[in-house]
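Engineer: what's the 3D shape of this:
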Amino acid sequence: MKLKENSSYNKIHGIYYTPHKMASEMIRLFVNQRDVTSVLEPSCGDGVFIQEINKSFGETANIEAVEIEKKETDKLQKKYAGSNVKIVNEDFFEYYSKNEKRKFNLIIGNPPYIRYQYLTAEQRTELSHILLKHNMKQNKLINAWVAFTIACASMVAKEGALAFVVPAELLQVVYARDLRKYLMAEFNEINIVAFNELTFDEIEQEVVLLVCRKTKDIKGMRIIQVANVDELKHIELGKYPFHAYEDNTDKWTKYFNSSDEIEILNSIKTDNRFQKLSDVSLINVGITTGNNNYFSIDKQTNQKYHLEDFCMPLLGKSCQVKSVLFEKKDLLSNYEKGKRSYLLVIDAQDRKYLPKNLIEYIELGESSGANLGYKCSIRDYWYSVPSVWVPDAFFSRRNNLYPKLLLNKCSAVSTDTMHRMKFLNNTNPEKIALSYYNSVSLAFTEVCGRSYGGGVLEILPSEAGNIYVPIIEKIDDEMIRHHLKKIDELIRKNDDIEVVLDYVDKILLQDQLGMNESECKKYRNVWLNLRSRRLGRSK
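Structural biologist: Presented below is the predicted three-dimensional model:
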């Protein structure tokens, strides 16, 4: 994240104008002319939605358009003087505080995407107040578009509609959980159009079209996926089915699956042959060093400063190992290849008690500014990294083809590029590692995690804990080690993880749990479809 002073004005203020063809297609697809007599455009920018509404309907609807940028409102006031359009130069949240009781048939636009880091203390308080007003938890760390959407949703009239361009984070991030729940409570019908390609050239931010309606009939959720904005003109809404709402705050990415696929995923949650990873393990973020490059030691640095007596074995990144078992041979191989394979661990004490070579390395860090980062600067001794402990296993945080669960066979630690796992109640780590590599569990990795425009799957500790794995009861420890060694060999020799899934699906899901091959194939398809969608956006 760039500091505020280094960011562009548009980025700080979330100013990214909507393409005309997107605005036009939103109106064609989702807006019924007969229902529209009053329109609110809460962040009108250059007025693209005003223009497209008048083009489609004529000047039959009264439009109220709010914009904080005076240079834009000056132009729009001149352009629409004496017309059906009223232009208001004001911060929307101030406008909302004075007009929250008003109702509109249609609220349409592109809320400003302002990260909480760029909001003033007063703005954060306003956003938090909006959440509280609508029975949500106060949260000053949400991005502006969340509170913006909540406020506007509350102003939609009976049988009205909300049509927004919003970040795809809506579908999956934790901080939008309450918003998802609120929208399902307020609207009978939610339509989402997702794009395989990035829509705004200026940002690496994936967006979706969100159109919510208050209808007489209960309909549900409908998700439509297209390659790009140009494909919107080919959409016929009647071809796409609705999914019934589910009474929870799960991520909406599951709705990319068919109703049958959603049903089989839900069936696992009540199947006593499966358990969550959180049922058998504690999952924490890796060690927060404050400066991974400085505290992670490679061979060249060690040879120069002789730091081995103050180092612990390190799994720096998941790409540093291609296996299920992280063994000493893997550690040494990484070290010889020049990878950062050890973590500098210094007791919290005055440097005058430390050996000369270590003092020299500490001074090197200070000369390069390694001590100035926030995490380092708040420590009593900046060079002493806290919360260092050896986990039973690692779980990869950011992933390409699939997330890895790696058993720790060399007493290694990890930075925050990996999560740390500690197993509970004498759980056999090898049993859990074996149970993870199957089609059901990998399907849940895609459902539980979140992806971004670049196609990377990120899984947080709480999300990893929600991954379901089969319970192994009828295989003894010796046979578990045999199977684990087999899949470790397969992963080391083959880039295709499906070879491993075929093996584990057979010995666990079919032979042990009694699932048939057709059932396993359904879960495999869920995983492959969601993964293909995610990876497709990296192109």
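
Engineer: Please name the nearest non-neighbouring residue to the most centrally placed residue in the chain.
Structural biologist: In the chain, the residue lying closest to the centroid (Cα atoms, centre = their mean) is Arg450, at 3.4 Å. Setting aside the residues directly before and after it, Arg450 is nearest to Gln172 in space (Cβ to Cβ, 6 or more residues apart in numbering), at 4.0 Å. In this view, the C-beta of every residue, glycine as well, is placed from N, C-alpha and C.

Engineer: Now do that neighbour against Val226, distance only.
Structural biologist: 19 Å (Cβ to Cβ, to the nearest Å).

Engineer: same thing with Phe394?
Structural biologist: From Phe394 to Val226 the distance is 38 Å (Cβ to Cβ).

Engineer: what do you get for Ser518?
Structural biologist: For Ser518 relative to Val226 (Cβ to Cβ), the value is 31 Å.

Engineer: and what of Asn284?
Structural biologist: For Asn284, the distance to Val226 - Cβ to Cβ - is 39 Å.

Engineer: same check, this time on Val447
Structural biologist: 22 Å.

Engineer: Looking at those two, which has the bigger crowd around it?
Structural biologist: Val447 (22 against 18; other Cβ atoms under 10 Å).

Engineer: What pLDDT is listed against the residue nearest to Arg450?
Structural biologist: pLDDT, Gln172: 85.

Engineer: Ok, Asn10 next?
Structural biologist: 44.

Engineer: Likewise for Gly514?
Structural biologist: 96.

Engineer: Can you report how many residues neighbour it?
Structural biologist: 9.

Engineer: What of Gly373?
Structural biologist: For Gly373, using other Cβ under 10 Å, the count is 14.

Engineer: Quick check: nearest residue in space to it, chain neighbours excluded?
Structural biologist: Looking at Gly373 with Cβ to Cβ, 6+ apart, the closest residue is Gly290, at 4.9 Å.

Engineer: How much space separates the one you found from Tyr80?
Structural biologist: Taking Cβ to Cβ, one finds Gly290 at 53 Å from Tyr80.

Engineer: Tell me which of the two has more neighbours.
Structural biologist: Per other Cβ under 10 Å, whichever of Gly290 and Tyr80 has more neighbours is Gly290, with 22 against 19.

Engineer: who touches that one in this structure?
Structural biologist: Gly373, Tyr374, Lys375, Cys376, Arg379, Trp382, Val385 (Cβ atoms under 8 Å, 6 or more residues apart in numbering).

Engineer: how long is stretch 54-72 from one end to the other?
Structural biologist: 18 Å (Cα to Cα, to the nearest Å).

Engineer: Which strand residues bridge Ser85?
Structural biologist: To be clear, residue 85 is Val; Ser isn't right here. Ile63 (DSSP bridges).

Engineer: Looks like it contacts Glu67 (just checking).
Structural biologist: No: the criterion here is Cβ atoms under 8 Å, and Val85 misses it with Glu67 at 11.7 Å.

Engineer: anything in contact with each of those two?
Structural biologist: Leu76.
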